[in-house]
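**Student:** Sharing a model that was predicted from the sequence below.
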Amino acid sequence: MTGRTGPETPDLPASSGKGATPPPSLPALRDGHPVYVASQMLVRAVLHSLADVTVVGAHSCPHRGPVIMASNHLSYVDIPFIGAWAPRNTIYFSKSEVRRWPFFGWIAYTYGTVFVRRGEADRQAVRDSLAFLMGERMVGVFPEGHRSHGKGLLQAQPGVALLAQRSRAPVWPVAITGTEHVFKQARPKILMRGGEPFDPMAVAAAEYGPRPNHQQVADTIMKRIAALLPEQYRGIYG
């Protein structure tokens, strides 16, 4: 995902039902596929040469079923760092232009990407992300919608709440620190911390009442991410 959580379209029609699989236009390697595992190990080796990486709590990621992986967003390199150590193939959002890029477009298509048309409410992108979730995949989102560059969490955009509401998938919160220093410092320390999966709709309802709005659900998710971060990274959720 390149700096956006995807479209925010609360009037999107409901998805087609349980058991649906990702549409043919959005192929992806399944979790545990030998090609995916081998490429993940290769990327880890490369990234280890760039940074001193520590991963905590990866075991807390649900091993099967639909999952929304929600993380803070510091740098463009968050995606390869999280993807290299996440225990499941993480499907991110990306701008639609990437599909036509040489090599990178093929990578995005092969490993699974939800392509988003920027500057508009892209309902197809929401449908595609829901199809991945109903196909029991893990979709990665950055609820802030923009990179914070290590200056503290930004307020969540409500788009992530739409996915949570429509899919009823649990959210796995992930916090990452240090990626804002990659390429600026020699092997900066990077920490990725996974929290306990939770039902954001139920948690938001307990805090805000039985009918939380999308912003309240998104804020609930960000609070779980903030709890995994050092105080200086928590921003408005500190």
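**Tutor:** Good, I have the coordinates. All values reported here derive from a predicted model rather than from experimental measurement.
**Student:** avg pLDDT for whatever helix or strand Val217 lives in?
**Tutor:** Following DSSP states H and E, one finds Val217 within helix 214-226. Mean per-residue pLDDT for helix 214-226: 98.
**Student:** What are the contacting residues of that helix?
**Tutor:** 8, 10, 70-72, 143-144, 153, 155-162, 164-165, 171, 173-175, 195, 198, 200-201, 203-204, 207-208, 212, 233-235, 237-238 (CB atoms under 8 Å, 6 or more residues apart in numbering). (Glycine included, C-beta is placed from N, CA and C.)
**Student:** filter the residues you listed to the buried ones?
**Tutor:** Neighbour counting by 16 or more other CB atoms under 10 Å classes 8, 70-72, 143-144, 153, 156-162, 164, 171, 173-175, 195, 200-201, 203-204, 212, 233-235, 237 among these as buried.
**Student:** Tell me which residue is most central in the chain.
**Tutor:** Gly140 (2.0 Å; CA atoms, centre = their mean).
**Student:** Just list the residues touching Pro200, thanks.
**Tutor:** So Pro200 contacts 161, 164, 171, 217, 220-221 (CB under 8 Å, 6+ apart).
**Student:** now the one helix or strand Glu207 maps to and helix 214-226, what's the angle there?
**Tutor:** Element membership for Glu207 (DSSP H and E) is helix 200-208. Angle, helix 200-208 to helix 214-226, by axes from the mean of the first three to the mean of the last three CA atoms, to 10 degrees: 100 degrees.
**Student:** Restricting the selection to alpha carbons, write stretch 46-59 to CSV.
**Tutor:** This file holds the C-alpha atoms of stretch 46-59, laid out as CSV (Å, rounded to 0.1, in the frame of the first residue of the first chain):
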residue,chain,number,x,y,z
VAL,A,46,18.7,-8.0,1.7
LEU,A,47,17.0,-5.9,4.4
HIS,A,48,19.3,-7.3,7.1
SER,A,49,22.1,-5.6,5.2
LEU,A,50,20.3,-2.3,5.5
ALA,A,51,19.1,-2.4,9.1
ASP,A,52,19.3,-4.2,12.5
VAL,A,53,15.9,-5.8,12.6
THR,A,54,14.1,-7.2,15.7
VAL,A,55,10.6,-8.8,15.4
VAL,A,56,8.4,-9.4,18.4
GLY,A,57,5.0,-10.9,18.6
ALA,A,58,4.8,-12.3,15.0
HIS,A,59,3.3,-15.5,16.5
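**Student:** Could you pull out the buried residues of it?
**Tutor:** Within stretch 46-59, the residues scored as buried using 16+ other CB under 10 Å are 47, 50-51, 53, 55, 57.
**Student:** again, but for stretch 138-155
**Tutor:** Per 16+ other CB under 10 Å, stretch 138-155 contains these buried residues: 138-145, 147-148, 150, 152-154.
**Student:** which of the residues you listed sit farthest apart?
**Tutor:** Met138 and Gly152 (26.6 Å; CB to CB).
**Student:** hmm, back to that, any idea which of the contacts of Pro200 is closest to Arg88?
**Tutor:** Val171 (13.9 Å).
**Student:** Let me know the secondary structure of the residue nearest to the centre of the chain.
**Tutor:** Secondary structure assignment for Gly140 (DSSP: H, G, I helix; E, B strand; the rest coil): strand.
**Student:** Correct me if wrong: it contacts Arg88.
**Tutor:** No - in this structure Gly140 lies outside contact range of Arg88 using CB atoms under 8 Å: 9.8 Å.
**Student:** Which stretches in this structure count as strands?
**Tutor:** Assigned by DSSP state E, the chain shows strands spanning 52-56, 67-71, 90-95, 113-116, 138-141, 171-177, 189-194.
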